[in-house]
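*Asks:* only geometry, no sequence info:
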């Protein structure tokens, strides 16, 4: 936690990562993220606003790191925008609202549909809810 909060930026290099909690944790600590322009970071990071999305070239990554180190004001603004993004998309309130919507949708499944489909939807809702709970716990620093 202290490492993320005190870093100038976080480099997130996995290729085609499905989601990745590291960018979310970094943004929650107001630390801009430089990540690959593929996979999960494309959903969690807003390029040029909460961090940078880069291709494979090391030169591009180096340029973005230099920009953040040289322009502390921009880095700070990106950090604040990242924190707001986490609060707006991955907060407890968002978790609660998504869980409620999932339960409502599952409840509205017509009785004419096979029971198997309804069970799958409920199971999927529970899995999504658990994932969101884990993200919230890690971002908020809860054990």
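*Replies:* That came through fine. For clarity, every value in this text was computed on a predicted model and none was experimentally measured.

*Asks:* for stretch 57-64, which positions count as buried?
*Replies:* Going by neighbour count (16 or more other C-beta atoms under 10 Å), the buried part of stretch 57-64 is 61, 64. (C-beta placed from N, C-alpha, C; glycine too.)

*Asks:* Sorry, slip of the keys, the one I care about is stretch 37-48.
*Replies:* Buried-residue list, stretch 37-48, by 16+ other C-beta under 10 Å: 39, 40, 41, 44, 45, 46.

*Asks:* Can you give me the end-to-end span of that stretch?
*Replies:* Terminal residues of stretch 37-48 lie 12 Å apart, using C-alpha to C-alpha, to the nearest Å.

*Asks:* now what about that stretch, what contacts it?
*Replies:* Residues from elsewhere that reach stretch 37-48 (C-beta atoms under 8 Å, 6 or more residues apart in numbering): 12, 14-20, 23-24, 27, 33, 35, 51-55, 81-82, 85, 89.

*Asks:* Repeat the analysis, applying 10 Å as the threshold.
*Replies:* 12-24, 26-27, 32-36, 50-56, 60, 64, 74, 78, 81-82, 85-86, 89-90 (C-beta atoms under 10 Å, 6 or more residues apart in numbering).

*Asks:* Which of the buried residues of stretch 37-48 sits closest to residue 123?
*Replies:* residue 40 (22.3 Å; C-beta to C-beta).

*Asks:* Excluding covalently adjacent residues, which one is nearest to the closest one?
*Replies:* Excluding the flanking residues, the one nearest residue 40 by C-beta to C-beta, 6 or more residues apart in numbering is residue 19, at 3.8 Å.

*Asks:* quick one: that neighbour and residue 128 touch, right?
*Replies:* No: applying C-beta atoms under 10 Å, one finds residue 19 not in contact with residue 128, separated by 11.8 Å.
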